[in-house]
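Participant: Let me see the structure of the following:
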Amino acid sequence: MKVRSSVFASFILIFEVIGVALFLRGFFPVPVKSSFSSKSEHTAASYLLYPAPRDLNLLQLRKYPLFQRVVVMLVDALREDFVFGPSGRMFMPYTRHVVERGSSHSFVAKARPPTVTMPRIKALTTGSIPGFIDVVMNLNSPALLEDNLIWQAKTAGKRIVFYGDDTWVRLFPKHFMEYDGTTSFFVSDYTEVCTR
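Facilitator: Predicted coordinates for the structure are as follows:
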């Protein structure tokens, strides 16, 4: 009887260790590092620089960019109706005009809590799902080593200029040719805004 209980306790202990190891693996994911030097010749960075010849078929055409320049305007916590609602012409007239003219594409992201800056930037630029530990690392963000849009654009020789939250500058050091990062704690709007 004593042997059976010790074997049972051993199995329980092993399963507990495996369970804790699986939990820690999910909670503290190992960062995925791209091998920047071993990129294939057929990555996005290798054909972004050249205009598409006119005699290409549709399968070959997808390798070439549709636009020569891209401006990404990302406004954190901007209400959708401030641009696309009935009063959008009053709040953001130029942005509304550019969207209506058809010279820009708009996208409204629906974020789920916790809405913390660094995990959302990581999700936007890498396409991966951020881990739980990213919420904790938000205030002291290390450089992002995963393959991402900013690195692809820099490798393609594109000029990247950034103005905004300094979390981007910490995530992508030496990627921007010109930048002005403002701390997230710089809050000067202490007035209450009433909506009608």
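Participant: thinking residue 173 is in contact with residue 143, fair?
Facilitator: Yes - between residue 173 and residue 143 there is a contact at 5.3 Å, judged by CB atoms under 8 Å. C-betas here are computed from N, CA, C, even on glycine.
Participant: any idea which helix is longest in the chain?
Facilitator: Ranked by number of residues, the top helix in the chain under DSSP state H is helix 2-27.
Participant: Pull out the buried residues from that one.
Facilitator: Going by neighbour count (16 or more other CB atoms under 10 Å), nothing in helix 2-27 comes out as buried.
Participant: which regions of this protein lie under the pLDDT threshold?
Facilitator: Applying pLDDT under 70 to the chain flags residues 1-3, 27-66, 112-114, 184-196.
Participant: Outline the domain layout of it.
Facilitator: Domains of the chain are assigned by the TED database as 56-110, 112-183.
Participant: Quick one: closest of those domains to residue 15.
Facilitator: Among these, domain 112-183 comes nearest to residue 15, with 22.7 Å by CB to CB.
Participant: Kindly confirm my reading that residue 180 is in a helix.
Facilitator: No - per DSSP: H, G, I helix; E, B strand; the rest coil, residue 180 lies outside any helix segment and is strand.
Participant: what's the burial count for the closest residue to it other than its chain neighbours?
Facilitator: Spatial nearest neighbour of residue 180, excluding adjacent residues (CB to CB, 6 or more residues apart in numbering): residue 163 at 5.0 Å. Burial of residue 163 is recorded as 11 neighbouring residues (other CB atoms under 10 Å).
Participant: Same question for the one 4 residues further on.
Facilitator: Taking other CB under 10 Å as the neighbour definition, residue 167 ends up with a count of 20.
Participant: picking that back up, quick one: the residue nearest to residue 180 from residue 181, how far?
Facilitator: The gap separating residue 163 from residue 181 is 8 Å, by CB to CB, to the nearest Å.
Participant: and if you look at residue 151?
Facilitator: Residue 151 sits at a distance of 18 Å from residue 181 (criterion: CB to CB).
Participant: Which of the two has more residues huddled nearby?
Facilitator: Between residue 151 and residue 181, counting by other CB under 10 Å, residue 151 is the more crowded of the two (19 against 15).
Participant: in which helix or strand would I find that one?
Facilitator: If you go by DSSP states H and E, residue 151 is part of helix 149-155.
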